[in-house]
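*Asks:* have a look; sequence and predicted model below, questions after that.
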2 protein chains.
Amino acid sequence: MLEQMGKAAKQASWQLAVLSTAKKNQVLAVMADMLEARSEEILQANEQDMAQARATGMSEALLDRLLLTPARLAAIANDVRQVCRLSDPVGHVLDGNLLDSGLKLERRRVPLGVIGVIYEARPNVTIDVASLCLKTGNAVILRGGKETHHTNQATVKVIQQALEQCGLPAAAVQAIESPDRELVNELLRMDRYVDMLIPRGGAGLHKLCREQSTIPVITGGIGVCHIYVDDSVDYDKALTVIENAKIQRPSACNSVETLLVNRTIANSFLPALSARMAAVGVTLHASDNAMPLLQEGSAKVVAVAAKDYDDEWLSLDLNVTLVDDIDQAIDHIRTHGTSHSDAILTRSLSNAEYFVRAVDSSAVYVNASTRFTDGGQFGLGAEVAVSTQKLHARGPMGLDALTTYKWIGYGDDLVRS
Amino acid sequence: MLEQMGKAAKQASWQLAVLSTAKKNQVLAVMADMLEARSEEILQANEQDMAQARATGMSEALLDRLLLTPARLAAIANDVRQVCRLSDPVGHVLDGNLLDSGLKLERRRVPLGVIGVIYEARPNVTIDVASLCLKTGNAVILRGGKETHHTNQATVKVIQQALEQCGLPAAAVQAIESPDRELVNELLRMDRYVDMLIPRGGAGLHKLCREQSTIPVITGGIGVCHIYVDDSVDYDKALTVIENAKIQRPSACNSVETLLVNRTIANSFLPALSARMAAVGVTLHASDNAMPLLQEGSAKVVAVAAKDYDDEWLSLDLNVTLVDDIDQAIDHIRTHGTSHSDAILTRSLSNAEYFVRAVDSSAVYVNASTRFTDGGQFGLGAEVAVSTQKLHARGPMGLDALTTYKWIGYGDDLVRS
């Protein structure tokens, strides 16, 4: 069955690849309108998923993530209209030259072809991913979580009808509906038809894809992020950045997990940190050398365990340890980081540039919160995923990351000599 | 042992990443000089490999590929000096912006980190790859063929001494010396240390890497290339391009394997083709519909087998078949091509652009030989590999393809609101 889907997606991708921007925007507009017009059947399907989820005892937080309401669906439809307004990267000429041989060469952006996306229980991802893929002329094969089965089924049906209404093949957006897990393994080996795989989920899913997939995979999403507090900071401003990086959205991958504090300022900075974190309910996980000074403030302080440095808290918890200097901070980040987002707080220009060059992360910040790592914040218009690998795309991925390029050589019956 | 090598390579990569271009060029210059000064020991090691290869009955063509001479070694040293002259992509700012939030954002090119290269019996690849990786600030782990074992060992020793003489870690360029094949499998799973894997070899090696590697792989090198002869060509010029694409270097992956001829011109074009190919010793593998007309010329003509369309000849053999129109030609290319290099010969501007948009290959040509797909021909200065996948780099890969980018955000104690 997957073989069939792959073949159909590949064929659809050829049609999508040559569509004009106007045509693609038209499809997106029809899609948005139909999502609203047919909201009732999508919401009914979502009811079914919600009922099942409640029956299996899903947590309130996850239930809320799964829930669609008329307002949420309208917001999602508006997001699709927003995608119409983004500039279309396809067709853009990256560079070109008239070579000595006489060959007129250019590199032109083209769609990747077929994109596979594996994700969990967020019903908006289906529409989100479909619209970004269509905008860039890619076909997509979706594999959502079983918790959103009915919602996804109803949504994809509406999307496919929008496609057909515009004279395009329904196979441009397909979903693997069977919950059979074996199908995921099969999808991972469909390199004949699928050009790129994006897993949107936890570390386990990323590992599975990295190990089993014969299709190039974009991995990411795990952020053990650090802030190094240099000896020259303004305490109050530094604490404001740290607070933002920790509490603005603790469950996000770009929130800070470990604070590395220059030993020189420990005596005065750590008690101030403790007081500030107490006020916002953050529990500090302290190294031996930081513990007594943090206890001078009013925050809850516990001993950090070695493994805490290697994991995301995703909660109001923060590791704190002292370092002798910037090199030790960089060393800690190299050992425990996930190449996601790391920051230095400093007044020293030379330390700032040293840190920026030495820390090998997708995003490196000077005097700014790690929370900025985000497609919207970076002005990309859309975020397909956040990559922490180094090939193809790094950090927040915008529409460009759904394209590749093609070399085009024009000659006048030209031969190589 | 590989774990150790990986760790050492990663550490070396941090040092390399922050080197100035001048320093990197100095290392390359020392390396080139030392390769010449120490040529005797490298040539002696090569003698050993040659003797063993002769004893195992290696073919003359492969023996020649394996052989180093003083002249060849001098040429290789000069290639290293040539790499000094290439512009260093590291540090280049791709784009940047001052965002509404106040964040000053830029994307800066940085080295990938550690690159793994698996290759066969060409002793020049060791030096070639090492110099390109060093130029871009990457560490490299090399795995050469067992046929070049002694040569590679001697070469890497000289490179490592050049590194140390310049105050850099020898681990920046390491070779896996044991011929144990299990080590390749181990290398393929070292995603903790190796950032990109480049297999330089046949289809089997590429398949192994795609299936087993947990490291992102650049695959490519297999070229089933096509030329579509439209109904509006100038016969003589078209034949000149076809001849060039077939015979200039038949063993290259960018040589043409299949000719798709528009049925409209078959009566006159095929006999002319047959005469021209006879003159250069090309055997034609004809479809049923092309056979009688080709037999009117003087070339050796045999029946094409279905599987011939899916393989590289790499020899003076060419498949010839008729198509009804440009769409049938495109369809054939989609079915049998390897997304390497494909060309259209036409006088029609609209057919040319239609073909360019519809054919999803790394390089698409209009009225030019497929033989142009090459880093040197494309003006890239160097060629790391030719990719036929779509992620990261497509077609000939220059120095840029050995880099990634890093987002750098500067703030004034900036928080996300």
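*Replies:* Received, thanks.

*Asks:* switch to C-alpha atoms for all contacts and neighbour counts from now on
*Replies:* Fine.

*Asks:* need phi/psi at the residue in chain A that chain B sits nearest to.
*Replies:* Ranking the residues of chain A by distance to chain B (C-alpha to the nearest C-alpha) places A:H392 first, at 3.6 Å. For A:H392, the backbone dihedrals are phi 70, psi -60 (criterion: degrees, to the nearest 10).

*Asks:* next, count neighbours for it.
*Replies:* Using other C-alpha atoms under 10 Å in any protein chain shown, A:H392 has 22 neighbouring residues.

*Asks:* what count of nearby residues applies to the nearest residue to A:L188 once chain neighbours are set aside?
*Replies:* Spatial nearest neighbour of A:L188, excluding adjacent residues (C-alpha to C-alpha, 6 or more residues apart in numbering or on different chains): A:S213 at 4.4 Å. Neighbourhood size, A:S213 [other C-alpha under 10 Å]: 24.

*Asks:* next one: the one 10 residues further on
*Replies:* Around A:G223 there are 25 other residues, counting by other C-alpha under 10 Å.

*Asks:* secondary structure element for it?
*Replies:* Under the assignment given by DSSP states H and E, A:G223 is not contained in any helix or strand.

*Asks:* list the contacts of the helix or strand harbouring A:F355.
*Replies:* For A:F355, the element it lies in under DSSP H and E is helix A:349-358. Helix A:349-358 is contacted from outside by A:I326, A:I330, A:I344, A:T346, A:V364, A:Y365, A:V366, B:W14, B:A17, B:V18, B:I408, using C-alpha atoms under 8 Å, 6 or more residues apart in numbering or on different chains.

*Asks:* average pLDDT for it?
*Replies:* Taken as a whole, helix A:349-358 has a mean pLDDT of 97.

*Asks:* residues touching the nearest residue to A:S315 once chain neighbours are set aside, list them.
*Replies:* Distances taken as C-alpha to C-alpha, 6+ apart place A:P250 nearest to A:S315, at 5.0 Å, with adjacent residues excluded. Residues counted as contacts of A:P250 (C-alpha under 8 Å, 6+ apart) are A:L314, A:S315, A:L316.

*Asks:* who's in contact with the nearest residue to A:A278 once chain neighbours are set aside?
*Replies:* Leaving aside its sequence neighbours, A:A278 sits nearest to A:A299 (C-alpha to C-alpha, 6+ apart; 4.0 Å). Contacts for A:A299 (C-alpha under 8 Å, 6+ apart) come out as A:S274, A:A275, A:R276, A:M277, A:A278, A:A279, A:G281, A:V282, A:T283, A:L284.

*Asks:* in strands, which of the contacts of helix A:349-358 appear?
*Replies:* Of these, the ones assigned to strands by DSSP state E are A:I344, A:V364, A:Y365, A:V366, B:I408.

*Asks:* any idea what the second one is bridged to?
*Replies:* According to DSSP bridges, the partner residues bridging A:V364 are A:D342, B:I408.

*Asks:* could I get the pLDDT score of it?
*Replies:* 98.

*Asks:* and for it, the neighbour number?
*Replies:* Residues lying near A:V364 (other C-alpha under 10 Å) number 30.

*Asks:* now do the phi/psi pair for A:L322.
*Replies:* The phi/psi pair for A:L322 (degrees, to the nearest 10) is phi -90, psi 150.

*Asks:* and A:S178, what element?
*Replies:* Here A:S178, judged by DSSP H and E, is contained in no helix and no strand.

*Asks:* the stretch 51-200 of chain A: helices as residue ranges?
*Replies:* Assigned by DSSP state H, counting those that start in this stretch, the helices in the stretch 51-200 of chain A fall at A:60-66, A:70-85, A:123-135, A:149-165, A:182-187.

*Asks:* what sits up against the third one?
*Replies:* Residues external to helix A:123-135 that are found in contact with it (C-alpha under 8 Å, 6+ apart): A:16, A:21, A:24-25, A:28, A:66-68, A:76, A:79-80, A:83-84, A:88, A:115, A:119, A:139-140, A:142, A:144, A:148, A:151-152, A:155-156, A:172-173, A:382, A:384, A:399, A:402.

*Asks:* give me the mean pLDDT for that helix.
*Replies:* When pLDDT is averaged over helix A:123-135, the result is 93.

*Asks:* one more: the fourth one?
*Replies:* Per-residue pLDDT values across helix A:149-165 average out to 96.

*Asks:* likewise the last one?
*Replies:* Helix A:182-187 carries an average pLDDT of 94.

*Asks:* re earlier: buried sites along the helix holding A:F355?
*Replies:* Neighbour-count burial for helix A:349-358 flags A:N351, A:A352, A:F355, A:V356, A:R357, A:A358 (criterion: 16 or more other C-alpha atoms under 10 Å in any protein chain shown).

*Asks:* got it, and stretch A:96-109?
*Replies:* In stretch A:96-109, counting by 16+ other C-alpha under 10 Å, buried: A:G102, A:L103, A:K104, A:L105, A:E106, A:R107, A:R108, A:R109.

*Asks:* what of stretch A:223-241?
*Replies:* A:223-231, A:233, A:235, A:237-241.

*Asks:* swap in stretch A:271-282?
*Replies:* In terms of neighbour count (16+ other C-alpha under 10 Å), stretch A:271-282 has its buried residues at A:P271, A:A272, A:L273, A:S274, A:A275, A:R276, A:M277, A:A278, A:V282.

*Asks:* so what does the last one look like in phi/psi?
*Replies:* Going back to what we said before, that points to A:V282. phi -90, psi 130.

*Asks:* got the contact list for the residue lying closest to it once chain neighbours are set aside?
*Replies:* Nearest residue to A:V282, sequence neighbours excluded (C-alpha to C-alpha, 6+ apart): A:L316, at 4.8 Å. Shown in contact with A:L316 (C-alpha under 8 Å, 6+ apart): A:K246, A:I247, A:P250, A:G281, A:V282, A:T283.

*Asks:* what about the second one, neighbour count?
*Replies:* Think A:I247. A:I247: 21 neighbours (other C-alpha under 10 Å).

*Asks:* what's near enough to touch it?
*Replies:* A:S255, A:V280, A:L316.

*Asks:* do the fifth one as well
*Replies:* Residues counted as contacts of A:V282 (C-alpha under 8 Å, 6+ apart) are A:A299, A:K300, A:L316, A:D317, A:L318.

*Asks:* swap in the first one?
*Replies:* Under the criterion of C-alpha under 8 Å, 6+ apart, the contact list for A:K246 reads A:S255, A:V256, A:E257, A:L316, A:L318.

*Asks:* in strands only, show me those.
*Replies:* Members of the contacts of A:K246 lying in strands (criterion: DSSP E): A:V256, A:E257, A:L318.

*Asks:* is it correct that A:V241 is in contact with B:G411?
*Replies:* No - applying C-alpha atoms under 8 Å as the test, A:V241 and B:G411 come out as separate, 10.3 Å apart.

*Asks:* any shared contact partners between these two?
*Replies:* Listed as contacting both A:V241 and B:G411 by C-alpha under 8 Å, 6+ apart are A:N367, A:A368.

*Asks:* near chain B, which residues of the stretch 251-400 of chain A show up?
*Replies:* A:345, A:356-358, A:360-369, A:371-372, A:377-379, A:390-395 (C-alpha under 8 Å from any C-alpha of the partner chain).

*Asks:* what do you get for the stretch 101-250 of chain A?
*Replies:* Checking the stretch 101-250 of chain A against chain B by C-alpha under 8 Å from any C-alpha, the hits are A:101, A:103, A:105, A:112, A:195-196, A:210-217, A:237-238, A:240-241, A:244-245, A:248.

*Asks:* run the last query once more with 7 Å
*Replies:* Residues of the stretch 101-250 of chain A lying close to chain B by C-alpha under 7 Å from any C-alpha of the partner chain are A:L112, A:R210, A:E211, A:T214, A:P216, A:K237, A:A238, A:V241, A:N244.

*Asks:* how close does the nearest residue to the residue of chain A closest to chain B once chain neighbours are set aside get to B:I218?
*Replies:* Closest residue to A:H392 apart from its sequence neighbours, by C-alpha to C-alpha, 6+ apart: B:H392 at 3.6 Å. As judged by C-alpha to C-alpha, to the nearest Å, B:H392 and B:I218 stand 8 Å apart.
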